[in-house]
Structure formats: structure tokens, C-alpha cells
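*Asks:* Sequence first, then the predicted structure, then my questions.
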Amino acid sequence: MPLFTYCRLSHLLKISSRNASMFQNATEIKLGTGCGVHLTCYRGLVDNKGLQDRQKQQMARSLPKQKPIPGVKQVIVVASGKGGVGKSTTAVNLALGIMAVDHSKTVGLLDADVYGPSIPKLMNLKGNPELSDDNRMIPLINYGVPCMSMGFLVEDTSPIVWRGLMVMSAIERLLRQVQWGALDYLVVDMPPGTGDVQLSISQNIPVAGAVIVSTPQDVALLDARRGVEMFKKVNVPVLGLIQNMNVFQCPNCNHQTHIFGSDGVRQLAEKIGVKFLGDIPLHLTIREMSDKGQPIVISYPDSLEAEAYKKLASAVIQNLQELNS
């Protein structure tokens, strides 16, 4: 049976046997009987770096051209490698935190988690968006933040059983067919993982930066690192990592317990050369207010928990300014 160990065999088979002198740098070339061909890997024929550059150019040609969202100055995506780390709660309080630290800024919130939309619950919003004169959806607004989510378009208990192409079409409409108005920032709550939605958004619109949310737990850190690497591959700046549910403080005795581990996200940020944006504690009030649709930044603006989100918002804004300077 033929043995082919050269990675670009199809290229070699197009070369006439009369050009055998091209392979003078080969380690070994053996022509078997009949159709049996035996090739072993050789050095010096192909410039690997040049090959990789040509592959990147070909891939870039096939990607859609990025188009900004009308009226939106900067897009910030909030992502996580895995679910259950508090990404949506962080996205909501980040958006509200930006407005809290700078009252002149306008911020919108897009729920890109098609299969599991959380923004309607977290922002206490219900109903279907109305249409503008040009047939674009008008976002629902609460706490001064215009919001759009697939959760506004389907029943609360209705599962969204779609294949990838339908999800991509839905994301395109949520991005392009919404009348966002004039926004300084659009915060996008991404679905967990590194799949089609993440690629679609990062390739279709210019993203100013990505924020990665993770707990200090080792399993979550593995997925958080994958998220960082994905955004690097699609040339989206990573603004930094957020350590969520860092510490739990007993409300009775004030004893602190690191349920998911201690400083794992901070250590990961140092290891991979990404900025550490801050800690968010594991606190009962954050959960209770989120379930009521009253985010902690709004319901208890002077609490230590709200201050943690405001510091996070300040760090994100500062990092964006540094990138743009």
C-alpha cells in the first residue's frame, strides 16, 4: 500500500518525474513497483512561514467584511469559556457600571445567547419590540439601557431548537436590524464557549475589546484560556480577565471562604500576559437582586458589591482608552 509522509502530497503528484532534480535536498525518495510510491519527509523544499502566510491571506479573503453598527461607537463583548460563571450578571452590571462612573455615556445591551437568553430576566423586561418606520426593531429600555434579546421574540418557556445557520441569521438580525440609536458602548452578552456565534460577531462587526469572565476553579480556567486564545486568533483585543465569585463571606460571622479557589484568574492573567480587571465576590445580594431584575449597581449602588462592578467598569474604559491612544 502506498506510504505518503509528505504533508503536501497533492502538490508533489503534479510534478513530472523529469523534474526529479528538484528533490536533491530530500532525505529519501523511493519509487515502488506499479502505483506504489514511497516518500519520506524532506527539508528545504517548502518555506513553512511563507505557506502559513499564504493560507492566512486566503482565509482572510473568504471572511465577511466588518461593518460597524450605525450609531454605535464601540462594541464590548463579555464572554466565558464555559457556562455558570456569572457572565450575564457581569455583563448587565458592567453596562450599568459604565453609566454610573460616567453619566455622560450611553450604553446598550445585546443578549447574543440565543439558546439561553438571560437579559430579559436580569433587566426586568418583557414584551415584544416595536418596529420603526424602516422596519427595524426598537430595543426595550430599563434603567436607561436599551436592550435587545431573543428572549423578547419567543415565549419564556419555548426552547429554541435551531441549527447553526438559523442562529447565525438571528444574530445578524439582532445586530443589523435594531434601531440602537447613538451609543458610546454596546455591551454584548456572548453565549458560553468558542463557537459559531463568537466567530460570527467578531468577523462581522468591529469589536473594540473582549472581557473574559471566569471563576477561580481550575476547570473554568481551562475554558477561560481557550476563550482568550480564540479572540486572539480573530484579532479581537482582550481587555482582561474578571475573577467572579472569588470569595464568600458568611453574613453571620463574616468568615471568608474561597469556595472556587483563590486567585486562579489573577494567576492565569499573569501567565498568559493579559490584564486582570478585578474581583467580584460571591454574595447573596447579587443573586437575589439579579433574580428580581434589579441589578446590584442599581438596587444597592453604595454597597461594596456595586463598587466592585464600578471598579471593573472603570478598568474596562481605561483599557479601551489605552488601546485607542
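*Replies:* Arrived safely.
*Asks:* how about the strands of this structure, start to end?
*Replies:* 3-4, 29-31, 37-39, 72-79, 107-111, 140-142, 145-149, 183-189, 209-214, 238-249, 256-257, 276-282 (DSSP state E).
*Asks:* Now do the contacts for the residue nearest to the spatial centre of the chain.
*Replies:* Geometric centre of the chain, nearest residue: Ala79, 4.1 Å, by Cα atoms, centre = their mean. Residues in contact with Ala79 (Cβ atoms under 8 Å, 6 or more residues apart in numbering) are 87, 190, 192, 198, 210-213, 227, 231. The C-beta positions use only the backbone N, C-alpha and C, and glycine is treated the same way.
*Asks:* now do 10 Å
*Replies:* Ala79 sits next to 87, 91, 112, 188-194, 197-198, 201-202, 210-214, 224, 227-228, 230-231, 236, 238 when contact means Cβ atoms under 10 Å, 6 or more residues apart in numbering.
*Asks:* Could you pull out the helices in the stretch 151-300 of the chain for me?
*Replies:* With helices called from DSSP state H, counting those that start in this stretch, the stretch 151-300 of the chain shows them at 164-176, 196-204, 218-233, 264-272, 284-291, 296-299.
*Asks:* right, and the ones you listed - which one's nearest Met148?
*Replies:* Closest approach to Met148 among the helices of the stretch 151-300 of the chain (Cβ to Cβ): helix 164-176, 5.7 Å.
*Asks:* So which elements touch that closest one?
*Replies:* Other helices and strands packing on helix 164-176, by 3 or more Cβ pairs under 10 Å, 6 or more residues apart in numbering; DSSP states H and E, are strand 107-111, strand 145-149, strand 183-189, helix 196-204.
*Asks:* closest one to Arg136 among those?
*Replies:* strand 145-149 (10.5 Å).
*Asks:* orientation of the closest one relative to helix 164-176 in degrees?
*Replies:* With axes from the mean of the first three to the mean of the last three Cα atoms, to 10 degrees applied, the angle from strand 145-149 to helix 164-176 works out at 160 degrees.
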